[in-house]
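Novice: Below are the sequence and a predicted model for it; my questions follow.
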Amino acid sequence: MKKNMFTVFLSVCLAAALFIPKTAFAAGTEGRRLGDVDNDGIVSIRDVTAVQRLIAELETYDSLSEKAADVDVSGDVTISDATCIQHYLAEYPTDYPINEPLNPYASQAQAALNALKTRLAQTKAAADGLPVLIRSYDTEKPQLSMAAYTYDNALAAMAFISSGDKDDAETILDAFVYVIEHDRFKPGRIRNAYAADTVYYNNGGDSVKLPGWWDPAANQWSEDPEQIGCDVGNTSYAALAMLQYDAVYDTDKYLSTAKTLMDWVLSECTDEKDGFTAGFTGWPENDGTGTVRKWRSTEHNLDSLAVFRQLYAVTGEQKYQDAAESALRFITSMYDAERGLFYTGTLESGSINRSVIPLDAQVWSAMVLGEDYAPYEAALNIVDSMKLSGGGYPFYTVNANGGWWAEGTAFTALMFRERGEYGKYADAMDALCGIQLDSGLFPAATVDTLLTGLSWEYSKDPHVAPTAWFVMAVNEFDPYVFG
């Protein structure tokens, strides 16, 4: 009897294909479910009709509707998708999560995650049980080719956490603990980068390997003072990854180390003013400090604010609450209400740096401040104005050389998704999918020289950071939000 009912049901679906109103396909801003092609909030016979109209080229859909129609995730909308929805409506078994929250980028996210996992697995295999960090870039540039940036590895760890890959996250976080405890100068700090692959000296030395390269022109081994320095942003990201692990897996495995890192910030990057100074660059081995950087970064203080808030929530120690309030006061002081934007921070002199308006300060402020972001909503107009025709976002407003920034585009997508702006989320994610490499990685930028207005630039080299951010955007995992 059920088979006969299904035959009748199929006939009705086919007959209805030419009579669905076009107004049903207006793009919405609400969350979508797999199979809800017409975006009316339910999976029904109308969605079968919508699929058939798409196949017959009788209707044009927005990108999310097309993703909702591809219920078998084949990459194309075919009669198989209509049949799958019919099976679902007739209560036949189906292998696909119809009427579950739509994840239109599942295959691309899996490829990105696999790229990170493969890189870590290859690194571990070559290290024979020693602590490892993964290299950040695939590049021929000697300064970058064997550097494992702390920020990039923290992102990779959180991408693993967001995907349930506990062991892979532990591999990176355990390496963080090791490098902090075996610093070349003294324990208790984390460098901006380390030597990629194993960070252990095979000669048995009681310190970790920092990045460097042989400079044939100078006939010497060289180190980048920025890479071997210590700054608040990278320190905070390592702590974020540790505290995210503890929060997700309900443990305090990395709490002590996270406290050590942020206590270093309180000790070494604090003066009488609100917020935290940038940190140090160069070789602390020379005089115990390296070169002190007295400028303050809005981005660094956003990072530290999220960490200090979580440390206070977990420990109840007042010093972390006080630190969070100090960081917040600095961040809000960087907001220009007339222009509706956050400045990048201050110069060494203490005056505001108004020359660069970066994407991250506008986006991360929305992510970190959450419900407290209401007075600063105008900063999102700056974000909207930075969007390029292809859907990507540059590093800063001037964008002197053109092109766009994959990492920034990915975290901007995540921010929009959290705010329920799914059209903007989809535009950014579609742009990223268009540049994803066969390896699953993403290039750092879409041009060979993406300028930042600051002291560094990005290239087309494959990069761990945008790859990890893409995974987190798909998994809706915000590094700044706990619980």
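Specialist: Cool, got the structure.

Novice: quick one: buried residues of the top helix by length along the chain?
Specialist: Here the longest helix in the chain is taken by residue count, with DSSP state H as the criterion, and it is helix 106-127. By neighbour count, and taking 16 or more other C-beta atoms under 10 Å as the criterion, the buried residues in helix 106-127 are 108-109, 111-113, 115-117, 119-120, 123-124, 127. From N, CA and C alone the C-beta is placed, and that goes for glycine too.

Novice: Ok, stretch 261-274 next?
Specialist: Residues of stretch 261-274 classed as buried: 261-262, 264-266, 268-269, 274 (neighbour count, 16+ other C-beta under 10 Å).

Novice: list the contacts for D271?
Specialist: 277, 294 (C-beta atoms under 8 Å, 6 or more residues apart in numbering).

Novice: Run the chain-centre distance for the helix or strand hosting L261.
Specialist: For L261, the enclosing helix or strand under DSSP states H and E is helix 255-268. Computed by C-alpha atoms, centre = their mean, to the nearest Å, the chain-centroid distance of helix 255-268 equals 23 Å.

Novice: CA atoms only: put it into CSV for me.
Specialist: Included here for helix 255-268 are C-alpha records, laid out as CSV according to Å, rounded to 0.1, in the frame of the first residue of the first chain:
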residue,chain,number,x,y,z
LEU,A,255,44.7,25.9,32.6
SER,A,256,48.0,26.3,34.4
THR,A,257,49.9,27.0,31.2
ALA,A,258,47.3,29.5,30.0
LYS,A,259,47.6,31.3,33.3
THR,A,260,51.4,31.3,32.9
LEU,A,261,51.1,32.9,29.5
MET,A,262,48.7,35.6,30.6
ASP,A,263,50.6,36.3,33.8
TRP,A,264,53.6,37.0,31.5
VAL,A,265,51.4,39.6,29.8
LEU,A,266,50.5,41.1,33.1
SER,A,267,54.1,41.2,34.2
GLU,A,268,55.8,42.3,31.0
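
Novice: So what touches that helix?
Specialist: Residues from elsewhere that reach helix 255-268 (C-beta under 8 Å, 6+ apart): 176-177, 180, 188-190, 230, 232, 235-236, 238-239, 242-243, 246, 276, 279-280, 304, 307-308, 311, 314-315, 319-320, 323.

Novice: From those residues, which land in strands?
Specialist: Among the contacts of helix 255-268, the residues falling in strands (DSSP state E) are 230, 279-280.

Novice: so which of the residues you listed would you say is closest to A195?
Specialist: Nearest to A195, judged by C-beta to C-beta, of the ones in strands among the contacts of helix 255-268 is C230 at 16.0 Å.

Novice: Contacts only, for the closest one.
Specialist: Taking C-beta under 8 Å, 6+ apart as the definition of contact, the neighbours of C230 are 189-192, 264, 268, 279-280, 284, 290.

Novice: can you do 7 Å?
Specialist: For C230, the set of contacting residues under the criterion of C-beta atoms under 7 Å, 6 or more residues apart in numbering consists of 189-192, 279-280.

Novice: any idea which helix or strand comes after the helix or strand bottoming out on mean pLDDT in the chain?
Specialist: For the chain, using mean pLDDT, DSSP states H and E, the weakest element among its helices and strands is helix 2-16, scoring a mean of 43. Remark: after helix 2-16, the chain's next helix or strand is helix 45-55, criterion DSSP H and E.

Novice: That following helix - what's its average pLDDT?
Specialist: The predicted model gives helix 45-55 an average pLDDT of 93.

Novice: So for that helix, what gets flagged as buried?
Specialist: Using 16+ other C-beta under 10 Å as the burial criterion, the residues of helix 45-55 that qualify are 46-55.

Novice: cool, stretch 369-380 as well?
Specialist: Within stretch 369-380, the residues that count as buried by 16+ other C-beta under 10 Å are 369, 376, 379-380.
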